[in-house]
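In: Got a sequence here, can you build the structure:
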Amino acid sequence: MNASRSSDLKPIILTGDRPTGPLHLGHFVGSLRNRVTYQSTYRQFIMLADAQALTDNMNDTSKVHRNVVEVALDYLAVGIDPAQSTILIQSQVPELAELSFYYLNLVTVARLERNPTVKEEIRLRGFERDIPAGFLTYPASQAADISAFKASLVPVGEDQLPMIEQTNEIVRRFNRMAGRDVLVEAQALVPAIGRLPGIDGKAKMSKSLGNVINLGATADEVRAAVKKVYTDPLHLRVADPGHLEGNVAFIYLDAFDPDQEGLARLKEHYVAGGLADSLVKARLETCLQDLLEPIRTRRQEFAQDRAQVMQMLKEGTEKAREVAAQTMAEVKDVLGLRYF
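Out: This next block holds a predicted model:
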């Protein structure tokens, strides 16, 4: 699993995956399948953000540790090629933590608290004012993750746009202080299909809510999950007209059904009435089984040699650290912190 790549490609870093559990369909539609495409066009860094995951998992650090390899297996299974993409472990690149420390002097507590993404995550976790400092300062950490590799493009969901905005604020302030463009501003790439709802109809597919379909799910697990997929609560009889808005089965079909023309006809039938939810779910199950079966098979093959997966992560992290160290040297020059 050699992690070499052409050096003349445009840099891009993807930082959205925290190793707190296996990856699921929400990750796939939001970013993973795009990463497979990006890796042939850009110089791509894919980060396992284990240090950031600790900001709200200090009570179970082993969960983060054991899932590093699990998430790496998911990457490989969907087609991420370590010969084209650099996969790294955040905590093993200490330059990122050092850079975060310097950036905290370029942002105020008030600005961190105003970040809409941080505010929403604090609300979801019920922190109120009992906020771990590491969680509150995550925007500075993410700015370090992005700018250390001078990434110009960062694929994120719409909910993460405020984080990119704050990253660029920090970058601009540092560059003004330096009197030249040492760091690079990042542009957000928002996928055409946004965040998937959970199978229960809740707004967010989340491991903690138990409403996900994992990429490595067995055929039986996929079948059982599809049976639970939220449809139209007003569609009580087959003859009743159905509604598409908020209907998770159709949201998933929009994302994964390769026959969009056939799906359009199915929608017309459903809205007109006379189509059972069970038939819609049968179509959805077929789509998901076809999608996940090869991913599951490849994952099982890679899982047979976890030592090789760890070696791939080691090589990728070492290459990423070389890049981050170069940026850190430039930052220290600006800050007057180079003594030897």
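
In: Which parts of the stretch 1-150 of the chain are helices?
Out: Using DSSP state H, counting those that start in this stretch, the helices of the stretch 1-150 of the chain run over residues 25-27, 33-38, 50-53, 61-78, 94-103, 109-114, 116-125, 133-136, 138-148.

In: Residue 235 is nearest to which of those?
Out: helix 25-27 (23.1 Å; C-beta to C-beta). Just so you know, the C-beta spots here come from the backbone N, C-alpha and C atoms, and that holds for glycine as well.

In: for that closest one, packing partners?
Out: helix 248-256 (3 or more C-beta pairs under 8 Å, 6 or more residues apart in numbering; DSSP states H and E).

In: Extract the C-alpha trace of the helix it packs on and format it as CSV.
Out: Only the C-alpha atoms of helix 248-256 are listed here, as CSV (Å, rounded to 0.1, in the frame of the first residue of the first chain):
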residue,chain,number,x,y,z
VAL,A,248,-36.9,8.8,3.9
ALA,A,249,-37.4,5.9,1.5
PHE,A,250,-37.6,8.2,-1.5
ILE,A,251,-34.8,10.5,-0.1
TYR,A,252,-32.5,7.4,-0.1
LEU,A,253,-33.7,6.4,-3.6
ASP,A,254,-32.9,9.9,-4.9
ALA,A,255,-29.4,9.4,-3.6
PHE,A,256,-28.7,5.8,-4.6
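
In: ok so, going back, if you compare the helices of the stretch 1-150 of the chain, which one is most tucked away?
Out: helix 138-148 (a mean of 26; mean count of other C-beta atoms under 10 Å).

In: got the angle for that one vs helix 116-125?
Out: 130 degrees (axes from the mean of the first three to the mean of the last three C-alpha atoms, to 10 degrees).

In: State the distance from residue 208 to residue 63.
Out: Distance, residue 208 to residue 63, by C-beta to C-beta, to the nearest Å: 11 Å.

In: Pretty sure residue 138 sits against residue 119.
Out: No. Contact criterion C-beta atoms under 8 Å: residue 138 and residue 119 do not qualify, at 11.9 Å.

In: returning to that earlier point: identify whichever of the helices of the stretch 1-150 of the chain lies nearest to residue 339.
Out: helix 94-103 (15.0 Å).

In: who's in contact with the closest one?
Out: With C-beta atoms under 8 Å, 6 or more residues apart in numbering as the test, helix 94-103 has contacts from 51, 90, 137, 140-141, 143-145, 147-148, 170, 174, 321, 324-325, 327-328, 331, 335.

In: any low-confidence regions in the stretch 151-300 of the chain?
Out: Applying pLDDT under 70 to the stretch 151-300 of the chain picks out residues 194.

In: Which residue ranges of it form strands?
Out: 153-155, 187-189 (DSSP state E, counting those that start in this stretch).

In: Just the C-alphas of stretch 154-161, formatted as PDB.
Out: C-alpha atoms of stretch 154-161 as PDB (Å, rounded to 0.1, in the frame of the first residue of the first chain):
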ATOM      1  CA  VAL A 154     -12.300  21.300   1.400                       C
ATOM      2  CA  PRO A 155     -15.400  19.200   0.700                       C
ATOM      3  CA  VAL A 156     -17.900  19.800   3.500                       C
ATOM      4  CA  GLY A 157     -21.600  19.800   4.200                       C
ATOM      5  CA  GLU A 158     -23.500  23.000   4.300                       C
ATOM      6  CA  ASP A 159     -23.500  22.800   8.100                       C
ATOM      7  CA  GLN A 160     -19.700  23.100   8.100                       C
ATOM      8  CA  LEU A 161     -19.500  26.300   6.000                       C
END
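
In: Could I get the buried residue list for that stretch?
Out: 154, 155, 156, 157, 160 (16 or more other C-beta atoms under 10 Å).

In: for that stretch, the distance to its chain's centre please.
Out: Chain-centre distance of stretch 154-161: 9 Å, with C-alpha atoms, centre = their mean, to the nearest Å.

In: repeat for stretch 295-303
Out: 20 Å.

In: List the buried residues in it.
Out: Buried, per 16+ other C-beta under 10 Å, within stretch 295-303: 295, 296, 298, 299, 302.

In: So for residue 115, which of the strands of the stretch 151-300 of the chain sits nearest?
Out: strand 187-189 (14.5 Å).

In: And the contacts of the closest one?
Out: Contacts for strand 187-189 (C-beta under 8 Å, 6+ apart): 34, 152, 153, 154, 155, 156, 160, 161, 164.

In: domains for the chain, by residue range?
Out: Following automatic domain parsing, one finds the domains of the chain at 10-196+306-335, 216-299.
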